[in-house]
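1. A structural model of the following input is requested.
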Amino acid sequence: MPVTTPSELYYDPYDLEIDADPYPVYRRLRAEAPLYYNAPHDFFAVSRADDVERVLADQETFISGRGAILDFIRADLEMPPGMLIFEDPPGHTTHRKLVSRVFTPRRVAELEPHIRSYCARSLDPIVGSGRFDFIADLGAQVPMRTIGMLLGIPESDQIAVREQADKGVRSNPGEPMKPKQDFGSGAMFAEYIEWRAEHPSDDLMTDLLRAEFEDATGTVRRLTREEVLTYTSLIAAAGNETAAHLIAWTGKVLADHPDQRQELIEDPSLIAGAIEEVLRFESPAQQFARYVSRDAEFHGQTVPKDSVMMAIMGSANRDDRRFPDGDRFDIHRTGVHHFSFGHGIHFCLGAALARMEGRIALQEILKRFPDWVIDTDNARMAPSSTLRGWDTLPALIS
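-> Sure thing, here's the model as predicted:
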């Protein structure tokens with residue numbers, strides 16, 4: 001059965017008006033077109049939690065090897081080895097196990113005092129100034145320094161690394177991205193990697209250079225320089241922009257819910273749960289795309305082989321079927337298993353680090369600034385069809 005969509009219902013990830021507040025459109029998609037087809041951009045989309053979960057879990061039907069972003073799938077690029085988010089098993093399994101070995105819970109836990117120090121370093125100079133930008137003064141600083149330290153990037157070069165990583169997820173407002181074949185080459189890290197090969201240290205880059213593994217051919221070997229470059233580029237990109245958006249969304253949502261912010265001041269034990277609720281309520285990554293390897297049926301309609309399927313996590317996170325009263329922000333919500341870090345074999349390896357950064361950032365903000373109001377006239381959203389967040393989010397503080 002062909003897919004039919006109400007003519008007046010339109011969802012487009014490039015539409016700036018929709019992106020400013022996509023949730024009314026998401027509600028209509030869930031109610032009126034749980035399987036949606038966008039003709040201008042030629043993609044299908046699912047918006048209910050059960051359907052999003054199915055797409056993200058079924059890696060045989062909805063594959064990642066052609067890309068996890070609509071623009072990349074359409075560009076039909078050859079994915080570089082080690083680009084985990086754009087791989088399928090067995091290569092994905094091999095590469096993910098390797099990164100898991102060097103991205104351990106112990107290493108993440110050891111970062112906590114450093115992250116707290118980075119927050120203090122960013123926030124202390126602002127005390128008494130009356131103004132604070134959740135991106136420029138914190139979100140663009142703390143994740144950058146954290147990932148830089150984790151990888152072994154000198155602090156003097158970390159701003160350049162962040163800016164280069166950010167370009168990979170930015171696009172012209174209202175336009176698709178224009179990915180190039182060398183998008184995952186990580187060329188800017190080549191000099192650091194060569195230096196680390198001669199001067200090993202206690203960082204992820206050294207671990208990647210030293211790690212031995214069995215590849216898909218059964219050969220036990222170390223990573224090639226190309227693979228190390230790809231891994232490094234991926235970790236740098238994934239660890240910067242998304243964490244920055246989480247910090248900013250935390251500031252925005254709590255400014256909109258000052259009563260719940262006051263509860264966090266009175267009971268800091270609620271902060272970890274509040275970060276989970278921010279992630280559910282305002283996911284930095286709103287959707288992932290998959291290439292459809294075989295016909296699939298949703299709601300009595302067929303998605304044909306060789307199509308592109310978009311799983312809208314930002315909608316699934318507010319689906320009342322999974323999250324009662326899903327459009328309501330509630331720091332007391334329990335059992336929150338949202339989709340903001342993905343689902344299935346591609347669940348984000350950096351989820352624990354992102355949660356820690358969000359929790360510590362909020363703790364340190366509340367210590368210094370118990371009250372803030374967003375300067376909405378000067379706030380500006382980031383131009384990206386893949387992530388939803390802020391370029392600048394200034395606030396008045398007391």
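
2. excluding chain neighbours, give the residue nearest to residue 59 in space.
-> For residue 59, ignoring the flanking residues on the chain, the nearest one in space by CB to CB, 6 or more residues apart in numbering is residue 345 at 5.7 Å. Where C-beta positions appear, they are placed from N, C-alpha and C, glycine not excepted.

3. residue 293 too?
-> Spatial nearest neighbour of residue 293, excluding adjacent residues (CB to CB, 6+ apart): residue 63 at 5.2 Å.

4. show me the contacts for residue 222.
-> Applying CB atoms under 8 Å, 6 or more residues apart in numbering, one finds that residue 222 lies in contact with 209-213.

5. let's see it at 6 Å
-> residue 212 (CB atoms under 6 Å, 6 or more residues apart in numbering).

6. which parts of this protein are strands?
-> Here the chain has its strands, by DSSP state E, at 35-38, 43-46, 62-63, 131-133, 212-214, 220-222, 288-292, 296-298, 301-303, 308-311, 372-374, 380-381, 390-392, 394-397.

7. any chance of those in CSV with distance to residue 332 and mean pLDDT as columns?
-> Shown next, in CSV, are the strands of the chain (distance: least, CB to CB, whole Å; pLDDT from 0 to 100):
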stretch, distance to residue 332, mean pLDDT
strand 35-38, 33, 97
strand 43-46, 29, 98
strand 62-63, 34, 96
strand 131-133, 27, 95
strand 212-214, 44, 87
strand 220-222, 49, 90
strand 288-292, 29, 96
strand 296-298, 34, 98
strand 301-303, 38, 97
strand 308-311, 28, 98
strand 372-374, 22, 97
strand 380-381, 29, 94
strand 390-392, 26, 95
strand 394-397, 24, 96
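
8. quick check: which of those strands is buried the most?
-> strand 43-46 (a mean of 26; mean count of other CB atoms under 10 Å).

9. neighbouring strands for it, and are they parallel or not?
-> The pairing partners recorded for strand 43-46 under DSSP bridges are strand 35-38 (antiparallel), strand 308-311 (parallel).

10. identify the residues contacting the last one?
-> Contacts of strand 308-311 with the rest of the structure, by CB under 6 Å, 6+ apart, involve 43-46, 52, 55-56, 62, 73, 287-290, 292.

11. give me that answer again for 10 Å
-> With CB atoms under 10 Å, 6 or more residues apart in numbering as the test, strand 308-311 has contacts from 11, 13, 35-36, 38, 41-47, 51-56, 61-62, 66-70, 73-74, 286-292, 296, 298, 303, 339, 342-343.

12. picking that back up, distance to residue 118 for the strands of the chain - can I get that in CSV?
-> CSV is the format used below for these (distance: least, CB to CB, whole Å):
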stretch, distance to residue 118
strand 35-38, 41
strand 43-46, 38
strand 62-63, 38
strand 131-133, 16
strand 212-214, 32
strand 220-222, 32
strand 288-292, 29
strand 296-298, 44
strand 301-303, 45
strand 308-311, 33
strand 372-374, 20
strand 380-381, 24
strand 390-392, 19
strand 394-397, 19
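
13. and the helix ranked longest in the chain, what's buried?
-> The residue-count maximum for a helix in the chain (DSSP state H) belongs to helix 225-256. Neighbour counts over helix 225-256 (16 or more other CB atoms under 10 Å) mark 227-255 as buried.

14. pipe the strands paired with strand 43-46 into JSON lines and attach distance to residue 203 per row.
-> Converted to JSON lines, the strands paired with strand 43-46 look like this (distance: least, CB to CB, whole Å):
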{"stretch": "strand 35-38", "distance to residue 203": "43"}
{"stretch": "strand 308-311", "distance to residue 203": "34"}
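
15. between those strands, which gets nearest to residue 104?
-> Nearest of the strands paired with strand 43-46 to residue 104, taken as CB to CB: strand 308-311 at 28.8 Å.

16. mind exporting the C-alpha coordinates of that closest one to CSV?
-> Extracted C-alpha coordinates of strand 308-311, given in CSV (Å, rounded to 0.1, in the frame of the first residue of the first chain):
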residue,chain,number,x,y,z
VAL,A,308,15.8,6.6,3.2
MET,A,309,14.1,6.3,6.6
MET,A,310,14.4,9.0,9.2
ALA,A,311,13.9,8.1,12.9
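
17. sorry, back to before: isn't the residue nearest to residue 59 up against residue 63?
-> No: using CB atoms under 10 Å, residue 345 is not in contact with residue 63, being 11.1 Å away.

18. could you list the low-pLDDT ranges of this structure?
-> By pLDDT under 70, the weakly predicted segments of the chain are 1-7, 102, 161-187.

19. who touches residue 247 in this structure?
-> Applying CB under 10 Å, 6+ apart to residue 247 gives the contacts 119, 134-135, 138-143, 275, 278, 284, 354, 357-358, 360-362, 365, 389-390, 393.

20. tell me which of these fall in helices.
-> Under the assignment DSSP H, the contacts of residue 247 contribute 119, 142-143, 275, 278, 354, 357-358, 360-362, 365 to helices.

21. quick check: of the residues you listed, which lies closest to residue 103?
-> residue 354 (12.2 Å).

22. overlap of the contact sets of residue 345 and residue 63?
-> Listed as contacting both residue 345 and residue 63 by CB under 10 Å, 6+ apart are 87-89.

23. and of those residues, the nearest to residue 398?
-> Ranked by distance to residue 398 (CB to CB), those are led by residue 87 at 48.4 Å.

24. backbone phi and psi for the closest one, please?
-> Main-chain dihedrals, residue 87, degrees, to the nearest 10: phi -130, psi 160.

25. residues near it, how many?
-> 24 (other CB atoms under 10 Å).

26. then residue 75?
-> Count around residue 75 with other CB under 10 Å applied: 17.

27. kindly report the same for the one 5 residues further on.
-> Residue 80 has 21 neighbouring residues, counting by other CB under 10 Å.

28. my guess is it meets residue 67, correct?
-> No: the pair residue 80 / residue 67 is not scored as a contact, 11.7 Å apart, by CB under 10 Å.

29. of the ones in helices among the contacts of residue 247, keep whichever come out buried.
-> Among the ones in helices among the contacts of residue 247, the ones that count as buried (16+ other CB under 10 Å) are 119, 142-143, 275, 278, 354, 357-358, 360-362, 365.
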